[in-house]
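S.K.: Have a look at this fold, sequence not included:
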């Protein structure tokens, strides 16, 4: 007889085995590209969810950190020949540093004001990088130097290598979320998310807790930024600071289940799978179909199931378990 | 130099009138219904496409099509409140922010599907006309748009201050519960507020059409401006939004003139962040004083 935790551990183990084996079973470059996108956006969603989900600080400006991570590693690589592996961490640190003043400004605001202010910070950064022509290639952007198969420089011939990097990132993100969820910080975050004034009143240092989670969230988002531009071999301000990144980070978390460990992954799988299906069904050239469907799904989730898909799954599980236990209770009676 | 500055100020004020119509709508919905409408810009876009199709298919002047786009969008607003916004009123920030946000995404992408990303313009007899005030150059289409925008804002002010429904809206904005105790029907007032706000967005769209291209993402330009203006002018304050919008228009125009063509938005966002840092409650406290 398995304990509950044992069962969860077993499922996670199975999931990991499947995830690791996937590139061996599916070799189509198109499919692996979709898997990479799923894992990448799930990872960005995980980073967003730490702050937006648990502490309910609904940021619409996470592209700021995605872009800073992307630009830091690219500038280090092209200007100074520094490996993107180091650049990735440097980007994370730059994002953390940037999150301090941005947070100091935005955390004075709540709800919709906070969301608007975060949009503005990401837009300002994008506009600034459009202006930095000598330093960061301005609006034209730049392509990455092709170094062939150079694992130390985060460049690979095999697409599967990128898959494993982003899989590792996602695993790290999920592990951090799991740890935080079960720590004092996790309880503080949920308290801030439920009612900030009440949390403050019972002695939670809400500003500090928000600042700390923003640091972690910004760091992780920046790692995704570096990975993304290394993967697509190109950077420009519109890609790196794309509003769509901010949107997608929030969207996958909300659709999957805001403030839950698995929510962002579940949400990304659903949205990206839908989008891939639409693409193969309709073919290319139908600009707008994908986001039309995304927004319809989002509206449906908000109106009918604000706890997201994970909520539906756990409800179904509860009902299943509950049905079993009532039957036993009846038999006992 | 003085002429250059004066010209930039005039340009800014003229476009600021349009920003005002959009931001008054945002602030009205926020004041009364307590929801920030992220989709307000998309209703400007819809107003533009209405005027565009009326102009190309029936030869109706965009300024005349104002009398069609405004009531159509008023109706859309009433339906929006009744069928969508009403359902999230008692819920938290997340559903309230992301419902209108999702609506904005939906409208942009449906427009992209239906009308493609092409820029659509309408040529009118007055598109090329201009008024010369001494050394200043004032394009006719923008002048008309500004004047109509100011007239509509004035009418709204009169409506809010001298009709029962307008007073009920202000009462509901000040304190929803007490207003309900006084016998004000909140559903009716909320529908009215969203309807009026969307009608203003529709008006902005029709007024823009003679000198601004319509495309699916056009609303984002105006909604970003409106957000800044609304925060600057204190959320929920109609007069504040009007004054702040004109200021934003001028700031943007001066930024374009003196910092660079692509710097208008930087100046605007810098103003927003500065305001948030120094005076997060905006320049004008309270509701439409």
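M.R.: Done, it's in. Remember, it's a predicted structure, so these values are computed and weren't measured experimentally.
S.K.: now the closest residue to residue A:181 other than its chain neighbours, what's its secondary structure?
M.R.: With C-beta to C-beta, 6 or more residues apart in numbering or on different chains as the criterion, residue A:181 has its nearest non-adjacent residue at 6.2 Å, and that residue is residue A:261. (Each C-beta comes from the backbone N, C-alpha and C, glycine too.) Per DSSP: H, G, I helix; E, B strand; the rest coil, the local secondary structure of residue A:261 is coil.
S.K.: Residue A:261: what's it in contact with?
M.R.: Residues in contact with residue A:261, defined by C-beta atoms under 8 Å, 6 or more residues apart in numbering or on different chains, are A:174, A:177-178, A:181.
S.K.: Show me the residues you listed that map onto helices.
M.R.: Secondary structure assignment by DSSP state H places A:174, A:177-178, A:181 of the contacts of residue A:261 in helices.
S.K.: Walking through the stretch 51-200 of chain A, point out its helices one by one.
M.R.: Remark: helices of the stretch 51-200 of chain A, listed N- to C-terminal, are A:63-80, A:84-106, A:111-131, A:133-136, A:159-181, A:184-194, A:196-201; assignment by DSSP state H, counting those that start in this stretch.
S.K.: I'd like those helices written out as CSV, with distance to residue A:311 added.
M.R.: Output for the helices of the stretch 51-200 of chain A, formatted as CSV (distance: least, C-beta to C-beta, whole Å):
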stretch, distance to residue A:311
helix A:63-80, 27
helix A:84-106, 28
helix A:111-131, 22
helix A:133-136, 42
helix A:159-181, 16
helix A:184-194, 16
helix A:196-201, 23
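S.K.: can you list contacts of the host helix or strand of residue B:131?
M.R.: Per DSSP states H and E, residue B:131 falls inside strand B:130-133. Identification of contacts with strand B:130-133 by C-beta under 8 Å, 6+ apart yields B:137-140, B:143.
S.K.: Filter these down to just the ones in helices.
M.R.: When DSSP H defines the helices, the subset of these inside them is B:140, B:143.
S.K.: In the contacts of strand B:130-133, which residue is surrounded by the most others?
M.R.: With neighbours set by other C-beta atoms under 10 Å in any protein chain shown, the maximum within the contacts of strand B:130-133 is found at residue B:139, which has 19 neighbours.
S.K.: Leaving out sequence neighbours, find the closest residue to it.
M.R.: Residue B:139's closest residue in space is residue B:130 (C-beta to C-beta, 6+ apart), at 5.0 Å.
S.K.: relative to helix A:84-106, how tilted is the helix or strand of chain B with the lowest mean pLDDT?
M.R.: Sorted by mean pLDDT, DSSP states H and E, the helices and strands of chain B end with helix B:264-278, the least confident at a mean of 78. Our comparison of helix B:264-278 with helix A:84-106, counting by axes from the mean of the first three to the mean of the last three C-alpha atoms, to 10 degrees, yields an angle of 60 degrees.
S.K.: any idea how far helix B:264-278 is from the chain center?
M.R.: Shown here is helix B:264-278, whose average C-alpha point lies 19 Å from the average C-alpha point of the whole chain (C-alpha atoms, centre = their mean, to the nearest Å).
S.K.: which strands and helices sit next to that helix?
M.R.: On a contact count with 3 or more C-beta pairs under 8 Å, 6 or more residues apart in numbering or on different chains; DSSP states H and E, helix B:264-278 meets helix A:84-106, helix A:111-131, helix B:218-232, helix B:238-258.
S.K.: For it, which outside residues touch it?
M.R.: Outside helix B:264-278, the residues that touch it by C-beta under 8 Å, 6+ apart are A:105-106, A:108-109, A:113, A:117, A:120-121, A:123-124, A:127-128, A:131, B:224-225, B:227-228, B:231-232, B:248, B:251-256, B:259, B:282-283.
S.K.: 7 Å instead?
M.R.: Outside of helix B:264-278, the residues that reach it under the criterion C-beta atoms under 7 Å, 6 or more residues apart in numbering or on different chains are A:105, A:108-109, A:117, A:120, A:123-124, A:127, B:225, B:228, B:231-232, B:248, B:251-252, B:255-256, B:259, B:282.
S.K.: roughly how far apart are whichever residue of the stretch 201-333 of chain A sits closest to chain B and residue A:238?
M.R.: Of the stretch 201-333 of chain A, the residue with the smallest distance to chain B, taken as C-beta to the nearest C-beta, is residue A:288 at 3.4 Å. For residue A:288, the distance to residue A:238 under the criterion C-beta to C-beta, to the nearest Å works out to 18 Å.
S.K.: Within its local environment, how many residues does the residue nearest to residue B:139 see?
M.R.: When neighbours are defined as other C-beta under 10 Å, residue B:130 has 14 of them.
S.K.: one step back: filter the ones in helices among the contacts of residue A:261 to the buried ones?
M.R.: Using 16 or more other C-beta atoms under 10 Å in any protein chain shown as the burial test, the ones in helices among the contacts of residue A:261 include A:174, A:177, A:181 as buried.
S.K.: do you know how far the closest residue to the second one other than its chain neighbours is from residue A:180?
M.R.: This means residue A:177. Computed as C-beta to C-beta, 6+ apart, the closest residue to residue A:177 that is not its neighbour in sequence is residue A:261, at 5.4 Å. Residue A:261 sits 10 Å away from residue A:180, going by C-beta to C-beta.
S.K.: next one: residue B:180
M.R.: Here residue B:180 is placed at a distance of 42 Å from residue A:180 (C-beta to C-beta).
S.K.: Who has more neighbours out of those two?
M.R.: The residue with the greater number of neighbours, taking residue B:180 and residue A:180 and applying other C-beta under 10 Å, is residue A:180; the counts read 20 against 14.
S.K.: Residues touching stretch B:171-182, excluding its own?
M.R.: Looking at what lies outside stretch B:171-182 - C-beta under 7 Å, 6+ apart - the contacts are B:31-32, B:168, B:184, B:186, B:189, B:236, B:287.
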